[in-house]
Structure formats: structure tokens, C-alpha cells
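*Asks:* Need the 3D shape of this:
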Amino acid sequence: MTIDLYTWNTPNGRKISVALEEMGLPYKVHPINISKDEQFAPEFLKISPNNKIPAIVDPDGPGGKPVSVFESGAILLYLGEKTGKFLPKDLGERIPVLEWLMWQMGGFGPMPGQVHHFVALENEQDRRYGLDRFSKETRRLYGVLDRRLAKHEFVADKISVADFAILGWAWRHERHKVALSEFPNVERWYKTMMARPGVKRGFEVSLD
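*Replies:* Reported below is the predicted structural model:
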């Protein structure tokens, strides 16, 4: 059955389109234009009470009953559990997947997101402090990722939902004012990920 994906063309939205393509799940995109505040519509709030994209509705949820899931990290874990793909069953192998997924959700997303905000401000006085603060933290996070990938092909050894989560934000590295050539291990991983057919389809599908 077809999963309904409520989303927009953002890093968090791309995480899910990439995962759905990689997992081979049929889905239908329902654009939620966040520039027009469509995320506050009562019908959308029923499935995403925090008024954020993405969210999904799976008509074939647990027990064959429809289920809605919001928050991109939760969606990735749900899809991994549903398909048995990109989420190890073994707890020891799952731990680094969870660690790096939470790392993305708690840092490599919120911090670059602040860069997105401050870089767009026109008033130099308004933008200087915030852009300097969050750009430094964003670069630190790229460094953390680079050191991890120096010893691992993917963040949790085998490709997983954590890679999809991180890729959604690394995709915007130019907007973060970060040259991947400065982080060669991230650059190698990024090129490897973007060359995957499922990832390509996930980025090519129209989300807006």
C-alpha cells in the first residue's frame, strides 16, 4: 500500500524521500508549503502536532491498521523497523545507528539550521553574532563527522537510516558555507551516498 508523505523541499524532507526510495516503498508526496504556513492547517496538525514537516501516514501500519508518524528521526526508525532495512536487528550493531541518528537530530540539523536563518538576514549587525556562533558550531560538527568517517565507510559501518538523516543536511553544505574538500572523509562519504540510485531518486522527486 502507498505511504502518504507530507513534506517540503528541505533537508528533513529529503531524508524521508531518500529512505523511501532506498527501501523500495511506494509513496505519494503531499507538498506542505511552509512558506505559506500550510503546516498550521488543522488537517496537517492531526498528524504532526508540532506543525513541522515531514510526516507520513502509512495505511498498512502495525496490525494492518493506518498509522501516522511525525518527526523525521521517528519516521526513519519506523520505516527501518517496517522493512527490516538499514536498521540492524542486533542491538550491538544498532547502537551506533541510534547514536549517529540522535547526533544528527540534536546537532547536525539544529545548528546548520541556525546558519540558514542568520545568513539570510540583511542587517549586518543582526546577522554577525548569530552567524559567527552557529557557523563555528556547524564546522565543529563537520569535523566530528569527518573523524568518524576516517575509520568507518558509513557512520555505523554499514549504511543505515543514520546516513540518510545526516545526508539530508550535508546536502546543504554550500548554504552552510562549508567546502567538503576541507573535510575529505565527509566528501568521500557524500559522493558515495549521492551516487546510489535510490538516493538519486530521493533527491530528484519533487517535494514542492
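*Asks:* wait, is Val69 part of a strand?
*Replies:* Yes - counting by DSSP: H, G, I helix; E, B strand; the rest coil, Val69 falls inside a strand.
*Asks:* check contacts around Ser181.
*Replies:* Applying Cβ atoms under 8 Å, 6 or more residues apart in numbering to Ser181 gives the contacts Glu187. Any C-beta I mention is one placed from the backbone N, CA and C, and that applies to glycine too.
*Asks:* start at 53 instead
*Replies:* All set: I'll call the first residue 53, so the last point we hit is now Ser233.
*Asks:* Can you list phi and psi of it for me?
*Replies:* Main-chain dihedrals, Ser233, degrees, to the nearest 10: phi -60, psi -20.
*Asks:* roughly how far apart are the residue sitting furthest away from the middle of the chain and Gln166?
*Replies:* The C-alpha centroid of the chain is most remote from Gln177, which lies 31.1 Å away (Cα atoms, centre = their mean). Taking Cβ to Cβ, to the nearest Å as the measure, Gln177 falls 17 Å from Gln166.
*Asks:* And for Asp260, nearest residue in space, chain neighbours not counted?
*Replies:* Spatially, and ignoring its direct neighbours in sequence, Asp260 is nearest to Asn61 (4.3 Å; Cβ to Cβ, 6 or more residues apart in numbering).
*Asks:* so the one you found, which of the three states?
*Replies:* Here Asn61 is recorded as coil under three-state DSSP.
*Asks:* give me the number of residues near it?
*Replies:* When neighbours are counted by other Cβ atoms under 10 Å, Asn61 registers 16.
*Asks:* residue contacts, it?
*Replies:* Counting by Cβ under 8 Å, 6+ apart, Asn61 makes contact with 258-260.
*Asks:* Tabulate those in TSV, adding columns for pLDDT and distance to Glu205.
*Replies:* Output for those, formatted as TSV (pLDDT from 0 to 100; distance: Cβ to Cβ, whole Å):
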residue	pLDDT	distance to Glu205
Ser258	95	31
Leu259	93	28
Asp260	88	32
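*Asks:* For these, which single residue is the most surrounded?
*Replies:* In the contacts of Asn61, the most neighbours by other Cβ under 10 Å go to Leu259, 20 neighbours.
*Asks:* what's the closest of the contacts of Asn61 to Pro236?
*Replies:* The nearest member of the contacts of Asn61 to Pro236, counting by Cβ to Cβ, is Leu259 at 30.1 Å.
*Asks:* so that closest one sits in a strand?
*Replies:* No - under three-state DSSP, Leu259 falls outside any strand and is assigned coil.
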